[in-house]
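S.K.: Give me coordinates for this.
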Amino acid sequence: MSSITGYHAHVYYDAPQRDAAQRLCETVRDRFGIAMGRLHDQAVGPHPRGSCQLSVTPENFSGVIQWLVANRGGFTIFAHALSGDEIKD
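M.R.: From the prediction side, this is the model:
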């Protein structure tokens, strides 16, 4: 893997959890000043469920992930690096 330029953290949710997932993502966005993508209510690409993408800088990754682990409220969080190679990432 070449150099890591950032990370994505995806919060997975089902339809009844949409509002809570949105609140969680907005809280992370505001707390850490990171970009939040839109909420996808169905599977998109390789993601098997509804999800919201959070774009995290390498400098913020540790803090964001630690916060998400402690405050995820039962949501599944999937995180991966961004290296420029979408298949490997």
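
S.K.: which ones are touching Ala35?
M.R.: For Ala35, the contact set (Cβ atoms under 8 Å, 6 or more residues apart in numbering) comprises Arg29, Leu54, Ser55. Just so you know, the C-beta spots here come from the backbone N, C-alpha and C atoms, and that holds for glycine as well.

S.K.: A strand includes Leu68, no?
M.R.: No. Secondary structure of Leu68 (DSSP: H, G, I helix; E, B strand; the rest coil): helix, not part of a strand.

S.K.: Wait, it touches Ala9, no?
M.R.: Yes. Between Leu68 and Ala9 there is a contact under Cβ atoms under 8 Å: 6.3 Å.

S.K.: Find residues that contact each of those two.
M.R.: By Cβ under 8 Å, 6+ apart, the residues touching both Leu68 and Ala9 are Val28, Ile77.

S.K.: ok, back up a step: which one of the contacts of Ala35 sits closest to Glu86?
M.R.: Proximity of the contacts of Ala35 to Glu86, judged by Cβ to Cβ, is greatest for Ser55, which lies at 14.5 Å.
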